[in-house]
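here are the coordinates; sequence isn't available:
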């Protein structure tokens, strides 16, 4: 199974600022995904981070708000731009196990926007 | 992806088997049933998945009905550390990784 590290684990940010979350995997993976978990809610997929091309966003999420980079097969970043209190959530990186179909998740980055 | 229905919450005594049901009546032929759990303040953890045959691993067993419209996750000897939200998810084909999480079942294991 893949080991996923996310940074920061938590942060408190001011309204209007941006924060970049990093996701590092201990092995090369094809598929990387970013999820959001709002307080008391379940997880929602934000986008698929594609290596060498633009991310694929789910309905309700746009690149201007959540730009994603995927420079190689072990690393990705998610930026939450122009933050508002509604962006306060846990943001989770996940990767797909090769051939197995199951996902492995990082511990998440807990973001609080004041 | 097919929608799933799970009870909101369940209780289980420590040491007993926990049987968590899931309905997925609109599942299609190429979709798998996945189970994940999320312990408080942690990322979701993969438990098990199956297509149509029953599956067992070191964590749990998955029983899928013959018509594949429902399934049951079995934790054979629940411990306090199994207290978590359990998610039943149906996915497959080209949607690997694009999981649709419902509200899940809150399983509370008590002494």
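Thanks, I have the structure now. Since the model is a prediction, treat every value here as computed from it, not as a measurement. Numbering: from 1, shown residues only, chains lettered A, B, ... in the order given.

just for the chain, where's the confidence low?
Here I'm looking at chain A. Within chain A, the set of residues satisfying pLDDT under 70 comprises A:98-101.

actually chain B
Along chain B, the model assigns pLDDT under 70 to residues B:1-2, B:93-96.

quick one, what contacts residue 34?
Here I'm looking at chain A. Taking CB atoms under 8 Å, 6 or more residues apart in numbering or on different chains as the definition of contact, the neighbours of residue A:34 are A:23, A:45-47, A:49, A:66, A:68, A:76, A:78, A:91-94. (Glycine included, C-beta is placed from N, CA and C.)

wrong one, I was asking about chain B
Contacts were defined as CB under 8 Å, 6+ apart; by that measure residue B:34 touches A:101-102, B:46, B:48-49, B:88-91, B:99.

Okay, now the sheet partners of the helix or strand hosting residue A:11, with direction.
Residue A:11 is part of strand A:10-13 when elements are defined by DSSP states H and E. When pairs are called by DSSP bridges, strand A:10-13 turns out to pair with strand A:109-113 (parallel).

what does chain A have sitting close to chain B?
Within chain A, the positions adjacent to chain B are A:1, A:4, A:31, A:33, A:42-45, A:48, A:58, A:92, A:94, A:96-97, A:101-108 by CB under 8 Å from any CB of the partner chain.

Quick one: buried ones out of these?
When the residues of chain A next to chain B are checked for burial by 16 or more other CB atoms under 10 Å in any protein chain shown, the buried set is A:4, A:31, A:33, A:42-45, A:48, A:58, A:92, A:94, A:96-97, A:102-106, A:108.

And the residue nearest the centre of chain A?
residue A:34 (3.4 Å; CA atoms, centre = their mean).

Provide the strand pairings for the helix or strand that that residue is a member of, with the direction of each partner.
Assigning secondary structure by DSSP H and E places residue A:34 in strand A:32-37. Paired strands of strand A:32-37, with direction, are strand A:43-49 (antiparallel), strand A:89-96 (antiparallel) (DSSP bridges).

Name the residue of chain A with the shortest distance to chain B.
residue A:105 (3.4 Å; CB to the nearest CB).

For the nearest residue to that residue once chain neighbours are set aside, pull up the helix or strand it's in.
Excluding the flanking residues, the one nearest residue A:105 by CB to CB, 6 or more residues apart in numbering or on different chains is residue B:43, at 3.4 Å. Using DSSP H and E, no element contains residue B:43; it sits outside every helix and strand.

Now for residue B:43, how many residues are close by?
Under the neighbour criterion other CB atoms under 10 Å in any protein chain shown, residue B:43 is assigned a count of 22.

so what's the spatially closest residue to residue B:80 that is not a sequence neighbour up against?
In this structure, residue B:80 finds its nearest non-sequential neighbour in residue B:109, 5.4 Å apart by CB to CB, 6+ apart. Applying CB under 8 Å, 6+ apart to residue B:109 gives the contacts B:11-14, B:18, B:78-83.

returning to that earlier point: which residues touch the strand holding residue A:11?
Taking CB under 8 Å, 6+ apart as the criterion, the residues outside strand A:10-13 that touch it are A:19, A:83, A:109-114.
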